[in-house]
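In: starting from these lines, generate the structure:
(chains A and B)
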Amino acid sequence: MITVNVKCFSQVMYALDTDILLIELESGATTDTLEKIIRDRADGKLDGVSLRTAVNQKYIPDVVELKDGDEVAFIPPVQGG
Amino acid sequence: MILTPHELQEWIDKEKSFSVIDIRTKDQREEFQLTSLNPVVAIADAIPETQYKKVLICQFGIVTEGIIIEQDLNNTYSLLGGAQAWELFQNERKDMSRWARQTVLPEIGIEGQKKLNNATVALVGMGGLGCPVSQSLIASGIGKLKIIDGDKVELSNLHRQPLYGVEDIGRLKVQVAKEKLMQLNESAIVEPIEEFLDENNGLNFVKDATIIIDATDNIQTRQLIDQLSKKLEIPMVYGGLYRYEGQVAVLNANGSPGYGDLFPEPTSSGDACADAGVLGMIPGIIGNIQALEVVKLIVGAKPNLIGKLLIYDGMNHSMQTIVL
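Out: Residues are numbered from 1 along each chain as shown, chains lettered A, B, ... in the order given. So this is what the prediction gives:
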């Protein structure tokens, strides 16, 4: 098992009602796995919302395997002023 | 010997001892002022002896050069360009003194200030982000600001768009903004376009800009700005908001990713401020971070947000920077 630290921004934060989560995953879990868990926890509130992933403060365009202690952020696009 | 206005100013600044002798006629003296020089008025044929170095000043710096040679005067200087050059030099110094509190910063300096004064910036959107961005940039001395927005001022704008007041309701935002911005710097050029940015007007709006600022309230316009920015290789300073949170990034700069690289497909997101809600301070903070990045890009100050996404949370005042 691995534990990752999930930082939640904008719609993700409001959907999950927290700005940070610790989640345990099976070894070999990917960013895709984690995103599915986050979307399930959001109970439909993130349906249709595009999310981009950053691992350890770096934007990751592809699906990658997560390591124990990684910090993952899911970033939705935001509008403006 | 010849002395430039800049060298003469250095003598003043270093409190050197010297005498200034003004050989001009009364009419000439009224035309150009010798500010801060306290000259002795004399005629060309009777230059007074002094115990200090002498600086001779005529109207354009030509007559005094001749006098020094003809009369073989020692320890005497002719002011290059004469009184006219001195007045121009002092006017320039006076203008620059307006920004003295920022030119003292080594990253800005006089050279950086001149870059700001000569810069043209294109700002898309004059709402919650556009207001603080434009105020800070005009106050900082940006030479030309092009603003585009087809919206009119509404009562519900006033809490977060401090350029506008109750008396402006119903007027075009860009027209009101121009009036208010010109009060901050009367020598700036503010060019208002009373339309929304689209594929027809976009190219013409941004093509002569040093930087494009995305202060829009919708992702579709942001994607158009991104395309123009990438095509013309003009950096784009992006700003976005969601409730208490804001994002800023410098995109398409020196090969850095664009918005389309971050969100490649048509995106779906949360609501604009009108629906999601926003306190005026958040666009104020995010807009000023955008303006700061614009200034840093123009003067070349580093580090900056090229290739990075800054996320600010106004509820707990945390910041996170994501490398793109």
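In: helices of chain A, residue ranges please.
Out: Using DSSP state H, the helices of chain A run over A:10-16, A:31-41.
In: can you list those helices in CSV and add distance to B:Asn74?
Out: For every residue, glycine as well, the C-beta is placed using N, CA and C. CSV is the format used below for the helices of chain A (distance: least, CB to CB, whole Å):
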stretch, distance to B:Asn74
helix A:10-16, 76
helix A:31-41, 81
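In: what's the closest of the ones you listed to chain B?
Out: Chain B lies closest to helix A:10-16 among those, at 3.9 Å (CB to the nearest CB).
In: what's that closest one packed up against?
Out: Helices and strands touching helix A:10-16, by 3 or more CB pairs under 8 Å, 6 or more residues apart in numbering or on different chains; DSSP states H and E, are helix A:31-41.
In: going by neighbour count, list what's buried in the helix it packs on.
Out: Of all the residues in helix A:31-41, those buried under the rule 16 or more other CB atoms under 10 Å in any protein chain shown are A:Thr31, A:Thr33, A:Leu34, A:Glu35, A:Ile38, A:Arg39, A:Arg41.
In: do you know how far the first one is from A:Val63?
Out: Read it as A:Thr31. 5 Å (CB to CB, to the nearest Å).
In: now the fourth one
Out: Here A:Glu35 is placed at a distance of 9 Å from A:Val63 (CB to CB).
In: for B:Gly112, see how far away whichever residue of chain A sits closest to chain B is.
Out: The minimum distance from chain A to chain B, using CB to the nearest CB, falls at A:Gly81 (3.3 Å). Separation of A:Gly81 from B:Gly112 (CB to CB) stands at 28 Å.
In: between the two, point out the one with more neighbours.
Out: Between A:Gly81 and B:Gly112, counting by other CB atoms under 10 Å in any protein chain shown, A:Gly81 is the more crowded of the two (31 against 22).
In: now for the residue nearest to the more buried one when sequence neighbours are not counted, how many residues are close by?
Out: Leaving aside its sequence neighbours, A:Gly81 sits nearest to B:Gly128 (CB to CB, 6 or more residues apart in numbering or on different chains; 3.3 Å). For B:Gly128, the count of nearby residues is 29 (other CB under 10 Å).
In: wouldn't B:Gly128 be in contact with B:Leu163 here?
Out: No. At 10.6 Å, B:Gly128 does not count as touching B:Leu163 under the criterion of CB atoms under 8 Å.
In: which SS state does B:Val294 fall under?
Out: Secondary structure state of B:Val294, per DSSP: H, G, I helix; E, B strand; the rest coil, is helix.
In: what does the stretch 1-150 of chain B put close to chain A?
Out: Proximity of the stretch 1-150 of chain B to chain A (CB under 8 Å from any CB of the partner chain) is limited to residues B:Gly125, B:Gly127, B:Gly128, B:Leu129, B:Gly130.
In: local confidence estimate at B:Thr267?
Out: Per-residue confidence (pLDDT) for B:Thr267: 58.
In: if we can go back for a sec, contacts only, for the residue nearest to A:Gly81.
Out: A:80-81, B:157, B:160-161, B:215, B:217, B:241, B:273, B:278, B:280, B:283, B:287 (CB atoms under 8 Å, 6 or more residues apart in numbering or on different chains).
In: so which helix or strand of chain A has the lowest pLDDT on average?
Out: When each helix and strand of chain A is scored by mean pLDDT, DSSP states H and E, helix A:10-16 comes last, with a mean of 91.
In: next one: that helix to chain centre, how far?
Out: Remark: helix A:10-16 is offset 11 Å from the chain centroid, using CA atoms, centre = their mean, to the nearest Å.
In: near chain A, which residues of the stretch 201-324 of chain B?
Out: Residues of the stretch 201-324 of chain B lying near chain A by CB under 8 Å from any CB: B:214-219, B:222, B:239-243, B:245-247, B:257, B:261-263, B:265, B:267-273, B:276, B:278, B:283, B:287, B:309, B:311, B:313, B:316, B:320-324.
In: got a PyMOL select line for the buried ones in the residues you listed?
Out: Selecting the buried subset of those in PyMOL, with 16+ other CB under 10 Å as the burial test, is done by:
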select buried, chain B and resi 214+215+216+217+219+222+239+240+241+242+243+245+246+247+257+262+263+267+269+270+272+273+276+278+283+287+309+311+313+320+322+324
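In: what helix or strand does B:Leu241 sit in?
Out: strand B:236-242 (DSSP states H and E).
In: contact partners of the helix or strand following that strand?
Out: For strand B:236-242, the following helix or strand on the C-terminal side (DSSP H and E) is strand B:245-251. For strand B:245-251, the external contacting residues (CB under 8 Å, 6+ apart) are A:9-10, A:13, A:78, B:226, B:229, B:235-241, B:256-259, B:262, B:282-283, B:285-286, B:289-290, B:293, B:297, B:304-315, B:324.
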